[in-house]
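Visitor: got a predicted model here, sequence first, then my questions.
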Amino acid sequence: NTFYLSKKVQSNIIKIAYYLFGRLPTSDVILGEDEFLFPAFDKKSRYSYAADYLGEYKPKGSELDFYYNGILELTKEYKQAGTEIFFIVIPNSQTVYSEKMPDNMGEISNDTRLKSTTRYLKKRGITNYLDLTDTLIAAKESGELYNNTEDSLNSRGAYYAYLAALDMLPEEVRAELPVV
């Protein structure tokens, strides 16, 4: 039965096991402070959040060039169609709440995929790319921005992401939008 294999059901089983027994039944999750559960490894994509946090997944120049050229190409195609495209990246929860990671993980690396990619694109003058890390870290004082048991923004976090996205839009477009 695929119901029990679904990611949502598996995530809920992990949460229930944590709340009932005070421990995690998997090595795919990192238990942080204040009951934060951070993803450690994604089996489907074979991506290690923990290794990236430590800077072990720093992208190589060819990968960064691929992102850069892809953004340039898509930007050109959208411009030819008479519109614009924006690339907005929502960081994972351990990037925004790195202080909640276990002490044995140390501080978040300056060479994570996201930080490396953002530096690279910024250095090359890409203006239609937004990494929401700084926005969300600054907004933490207003309250929690992520669901602490999964790697997703809650409504407050989504609101701050929305405000940052609005700031990327040209003034004439923003003027036509309803005030929230």
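Guide: All right, it came through fine. Numbering: from 1, shown residues only.

Visitor: got any ranges where this structure has weak pLDDT?
Guide: Where the chain drops to pLDDT under 70, the residues are 1-8, 10-11, 13-15, 17-27, 180.

Visitor: next up, the contacts around residue 153.
Guide: Applying C-beta atoms under 8 Å, 6 or more residues apart in numbering to residue 153 gives the contacts 90, 145-147, 161. Every residue, glycine included, has its C-beta placed from N, CA and C.

Visitor: try 6 Å this time
Guide: Listed by C-beta atoms under 6 Å, 6 or more residues apart in numbering, the contact set of residue 153 reads residue 146.

Visitor: got it, and residue 143?
Guide: Residue 143 sits next to residue 156 when contact means C-beta under 6 Å, 6+ apart.

Visitor: make 44 the first number, not 1, from now on.
Guide: Sure, I'll start counting at 44 from here, so that last one is residue 186.

Visitor: any idea how far residue 222 is from it?
Guide: Plainly put, residue 186 is 22 Å away from residue 222 if you go by C-beta to C-beta, to the nearest Å.

Visitor: who's in contact with residue 107?
Guide: Residue 107 neighbours (C-beta under 6 Å, 6+ apart): residue 163.

Visitor: swap the cut-off to 8 Å and go again
Guide: Neighbour list for residue 107: 159-160, 163-164 [criterion: C-beta under 8 Å, 6+ apart].
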